[in-house]
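Chemist: please find the sequence and the predicted model below.
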Amino acid sequence: MPLKYRLEKIVLVLLLVLLSIPVTSAKDGQQGSHVESVPFEVSHPEPIPAQLVKTGTGAELKGRVQRDEEAVFAALNAGMGIVVKKEGKDLLPARITTVYAGSPMARRGVAVGDRLIGEVADKGLYTITVDHNGQGMRFSIQTSEIEAYSQAAKEKLAAALNASAANPQPLKSGANQAALPALVNGKKHFSSLKDVFENHDLVMIIDRSGSMTARDCPGRLSRWDWCCSQARDLADAAAQAASTITTVFFNHEYYRFDRVRPQDIPVLFSQYQPSGGTILGQPLSEQFDDYFRVRAKPLIIAIVTDGMPNDPFAVAEALDEATCRLRYAGEVTVTFLLISDQVDEESLRTKLQERMGGSVKNGGMVDVIPFDTLVTKGVKQAFFEELRDVRLATDRTKPSKAGQFQAFTPGKPQLSPNYPSMQPGNSSYSADPVRAGLHSAVQERSDLERALLNKYH
């Protein structure tokens, strides 16, 4: 046998020997089959030490200890970033109904629909087992972190769980009533952004496309870094008004972060860097659907973008459908904050074909703040002046005068010959049910290709 083949045979035997050695968990030193211990950081919503252990068996943990279900659910929500719903009377098994982007579970691939099948407290650790497509995934946090949750924190988490439930509780009388502003000489008066945020919730939908890396903002900052500081200012004002803050990053996919605190904003911006296209329709539509499902408080949506959406049909359709669902003037407002001169106010209005009412100032739902105004006044002041007019026009006794929206003119749109099937109302973007907004690599490539073929800037 030639020397070359003898060497190859020896190498093959050595590889087989190495692969037959049992894997040892880095945590407890015990031998196991296909066990991998992977440390990871927990950055949302609290910095809690944690460790992930994946197993190939999917077997339930033994020795499960019964304990207060509310404390367990609070730990899962705040410590691990998931919401679960029991399938029966017992705590287990439970179905995962929400996975928060940026949480330990989301980072390791846990998805909506996975099942919580095991939980145990041992040696200072609280460990759960999740069945993900037949694969067992174990997550641990310190039991001291569970005990640290105060009753007030648990009540807030319970309220959040109720809001996320499939059948939300009916709103209490007056729950979605707009707060009355102070009166000066018999007229409504707002003196700060905090005032206009009162009894409103805030959603910031922020463009994370590749063009956001351009350094043409004040101080030679990139558009992304400048948006970070401005978003922090908006979040500070909303937090002072006790508003719920939701942040969404979008490019050719989207990530949603619920119950964001102002101090979370810089962390989120540092973890997610700009890339890809500008697909806005689906994340915008999701925010509308979530609001109209519950109508907890009037909604303020700030869309921060540096260019024209790659899916104007889907954006216009989302806006059009939302205007038809409004019950009164000022219930929902959408403001486009244009970052850079890449697209101007008039161009955006033309692309979306705004009709019947136009801006928020005369009872419509949508308005645009151009880049030069944002630079001159700052996002916080410019947004305050815009929303002040909205609040002054808010009247629950009057129906909304919001205009309808239509992408381009009636008839067949001008499409790339490579994508003749793309029609109005058939968005090029599709996300799976995971709240993080992740989708398959195949769908991601398709979305990105359409974004490039139908680019408007």
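Modeler: On my side now, so go ahead.
Chemist: residue 301 reaches residue 334, doesn't it?
Modeler: Yes. Using CB atoms under 8 Å, residue 301 makes contact with residue 334 at a distance of 4.6 Å. C-betas here are computed from N, CA, C, even on glycine.
Chemist: so where's the stretch 1-150 of the chain uncertain?
Modeler: Along the stretch 1-150 of the chain, segments meeting pLDDT under 70 span 1-79, 81, 91, 100-104, 107, 121-124, 126, 141-150.
Chemist: do the same with the stretch 201-350 of the chain
Modeler: If you take pLDDT under 70 as the line, the stretch 201-350 of the chain has these spans: 344-345, 347, 349-350.
Chemist: hey, where'd the helices end up in it?
Modeler: Under the criterion DSSP state H, counting those that start in this stretch, the stretch 201-350 of the chain contains helices at 223-240, 264-271, 281-294, 312-325, 345-352.
Chemist: now those helices as a markdown table including distance to residue 388 and mean neighbour count?
Modeler: Output for the helices of the stretch 201-350 of the chain, formatted as a markdown table (distance: least, CB to CB, whole Å; neighbours: other CB atoms under 10 Å):
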| stretch | distance to residue 388 | mean neighbour count |
| --- | --- | --- |
| helix 223-240 | 12 | 21 |
| helix 264-271 | 23 | 17 |
| helix 281-294 | 21 | 19 |
| helix 312-325 | 22 | 21 |
| helix 345-352 | 19 | 16 |
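Chemist: of these, which is nearest residue 89?
Modeler: helix 281-294 (26.9 Å; CB to CB).
Chemist: and that closest one, what does it pack against?
Modeler: If you count contacts as 3 or more CB pairs under 8 Å, 6 or more residues apart in numbering; DSSP states H and E, helix 281-294 packs onto strand 201-207, strand 245-250, strand 254-257, strand 299-305, helix 312-325.
Chemist: nearest to residue 230 among the ones you listed would be which one?
Modeler: strand 299-305 (7.7 Å).
Chemist: buried stuff in that closest one?
Modeler: Going by neighbour count (16 or more other CB atoms under 10 Å), the buried part of strand 299-305 is 299, 300, 301, 302, 303, 304, 305.
Chemist: show me the domain layout of the chain.
Modeler: 69-145, 193-389 (the TED database).
Chemist: the helices of the stretch 201-350 of the chain: which one's closest to residue 86?
Modeler: Nearest of those (CB to CB): helix 281-294, 21.5 Å.
Chemist: send the alpha carbons of the closest one over as PDB?
Modeler: The C-alpha coordinates for helix 281-294 follow below in PDB (Å, rounded to 0.1, in the frame of the first residue of the first chain):
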ATOM      1  CA  GLY A 281     -44.200  47.600   5.600                       C
ATOM      2  CA  GLN A 282     -44.300  44.500   7.800                       C
ATOM      3  CA  PRO A 283     -42.900  46.000  11.100                       C
ATOM      4  CA  LEU A 284     -45.200  49.000  10.700                       C
ATOM      5  CA  SER A 285     -48.200  46.800  10.000                       C
ATOM      6  CA  GLU A 286     -47.400  44.800  13.100                       C
ATOM      7  CA  GLN A 287     -47.400  47.800  15.300                       C
ATOM      8  CA  PHE A 288     -50.800  48.900  14.000                       C
ATOM      9  CA  ASP A 289     -52.200  45.400  14.600                       C
ATOM     10  CA  ASP A 290     -50.900  45.200  18.100                       C
ATOM     11  CA  TYR A 291     -52.400  48.600  18.900                       C
ATOM     12  CA  PHE A 292     -55.900  48.000  17.500                       C
ATOM     13  CA  ARG A 293     -56.100  44.600  19.200                       C
ATOM     14  CA  VAL A 294     -56.000  46.200  22.600                       C
END
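Chemist: how far away is the spatially closest residue to residue 314 that is not a sequence neighbour from residue 110?
Modeler: By the measure of CB to CB, 6 or more residues apart in numbering, the closest residue to residue 314 outside its immediate chain neighbours is residue 281, 2.5 Å from it. In this view, residue 281 and residue 110 are 26 Å apart by CB to CB, to the nearest Å.
Chemist: cool, and residue 98?
Modeler: On the measure of CB to CB, residue 98 and residue 110 end up 11 Å apart.
Chemist: what sits in contact with each of the two?
Modeler: residue 82 (CB atoms under 8 Å, 6 or more residues apart in numbering).
Chemist: pretty sure residue 118 is touching residue 128, no?
Modeler: Yes. Residue 118 is within contact range of residue 128, at 6.6 Å (criterion: CB under 8 Å).
Chemist: look at those two and report which has more neighbours.
Modeler: residue 128 (24 against 21; other CB atoms under 10 Å).
Chemist: just checking, what packs against the helix or strand harbouring the more buried one?
Modeler: Taking DSSP states H and E as the definition, residue 128 sits inside strand 125-132. Where contact means 3+ CB pairs under 8 Å, 6+ apart, strand 125-132 is packed against strand 115-122, strand 135-142, helix 143-147.
Chemist: excluding its backbone neighbours, what's nearest residue 239?
Modeler: Nearest one to residue 239, counting by CB to CB, 6+ apart, is residue 262 at 5.2 Å.
Chemist: no wait, residue 132
Modeler: residue 114 (4.8 Å).
Chemist: and the one you found, how many residues sit next to it?
Modeler: Residue 114, neighbours per other CB under 10 Å, totals 22.
Chemist: for it, phi and psi?
Modeler: Per-residue torsions, residue 114: phi -60, psi 160 (degrees, to the nearest 10).
Chemist: circling back: let me know which of the helices and strands packed on helix 281-294 is the nearest to residue 134.
Modeler: Ranking those by proximity to residue 134 (CB to CB) places strand 254-257 first, at 26.5 Å.
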